[in-house]
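Colleague: Predicted coordinates and the sequence they were generated for:
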Amino acid sequence: MINFTTDQIFLVTGASSGLGQGVALLLNKLGATVVGIGRNTERLNQTRNSAAHPDRFFIEEKDVAQDINLLPAYVKSLREKYGKLRGMAICHGISTVRPMQLIDYNSMRHIFDCDYFAPMMLAKGFVDKRNNTGRGAALVAIASIAALTNHRGMIEYSGAKAGLIASMKALAREVASFGIRINTIAPSDIKTPMVLNADSHVAVRENNYPLGFGEVDDVANMVVYLLSDAAKWITTQNYIIDCGGEL
């Protein structure tokens, strides 16, 4: 059984819905102190109110795709406010389906800002030894199965997530000597609001998965495991969660 203590503080982005919300609530349920970041204060408050231990669930409204170069300083400010971080779960992200004919530099930059540059600058802040608890600290970033597949219209999104996986692996090597672990997860279709709102997508793809569409907890459980001491010998890995439907 994985358990955390109240002095173990975890930063979770995208905590107002979907995977980020699931990760934040599970960490809190297992005893950790959580700082949930999201763009919508109302939804963040709803998440905190549904937490097992709302007194150990703090919220921060922020669009991490804005002022990206200042994100390391932002992580530092959160450390000063709440204490040194035991872990970080980068769960925010955006997706789009767009053929090459409709892609331009601005559309690509929009996706990469959110799905690649922001995670890397958040990671830069986290691995700064002044901001984490040292040996045993861990970071997990949500990538996507799209980084490893070749679906039409996913040029921008696939590129951003593939870059995220590769860069996180390189960073994991860089900080391993300090006892900091970094891993990524590449899920396929999960029952998040973004997926469920696309009824046609669900209808077309549901038969791809022998055990049906994934639930948020299917990913959250893996994230929390990788953030815990139970995974103390695991780093540089990218875990595919797709029920055998993609690869």
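Modeller: The structure has been received and is ready for your questions. Residues are numbered from 1 along each chain as shown.
Colleague: Going along the chain, name the strands of the protein.
Modeller: 9-13, 33-38, 57-61, 85-90, 138-142, 181-187, 238-241 (DSSP state E).
Colleague: In CSV, list the ones you listed along with distance to A230, mean neighbour count and mean pLDDT.
Modeller: Where you see a C-beta, it was placed from the backbone N, CA and C, and this is true even at glycine. Converted to CSV, these look like this (distance: least, Cβ to Cβ, whole Å; neighbours: other Cβ atoms under 10 Å; pLDDT from 0 to 100):
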stretch, distance to A230, mean neighbour count, mean pLDDT
strand 9-13, 15, 27, 98
strand 33-38, 18, 26, 98
strand 57-61, 22, 19, 98
strand 85-90, 13, 27, 98
strand 138-142, 11, 27, 98
strand 181-187, 12, 25, 97
strand 238-241, 14, 17, 96
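Colleague: Output those strands as TSV; include the columns distance to Q46.
Modeller: Converted to TSV, these look like this (distance: least, Cβ to Cβ, whole Å):
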stretch	distance to Q46
strand 9-13	15
strand 33-38	10
strand 57-61	10
strand 85-90	19
strand 138-142	21
strand 181-187	23
strand 238-241	26
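Colleague: Among these, which comes closest to N150?
Modeller: strand 181-187 (14.1 Å; Cβ to Cβ).
Colleague: okay, the angle between that closest one and strand 85-90?
Modeller: Between the axes of strand 181-187 and strand 85-90, defined by axes from the mean of the first three to the mean of the last three Cα atoms, to 10 degrees, the angle is 30 degrees.
Colleague: other SSEs contacting strand 181-187?
Modeller: Contacts defined by 3 or more Cβ pairs under 8 Å, 6 or more residues apart in numbering; DSSP states H and E place strand 181-187 against strand 138-142, helix 155-175, helix 216-227, strand 238-241.
Colleague: Out of the ones you listed, which one sits most buried?
Modeller: strand 138-142 (a mean of 27; mean count of other Cβ atoms under 10 Å).
Colleague: sorry, back to before: just so I know, which of the strands of the chain lies nearest L122?
Modeller: That would be strand 85-90 among the strands of the chain, by Cβ to Cβ, at 5.9 Å.
Colleague: residues making contact with the closest one?
Modeller: Applying Cβ atoms under 8 Å, 6 or more residues apart in numbering, the external contacts of strand 85-90 come out as 4, 8-14, 20, 23-24, 27, 32, 75, 78-79, 119, 122-123, 126, 131-133, 136-142, 223, 227.
Colleague: got the contact list for N150?
Modeller: N150 neighbours (Cβ under 8 Å, 6+ apart): S158.
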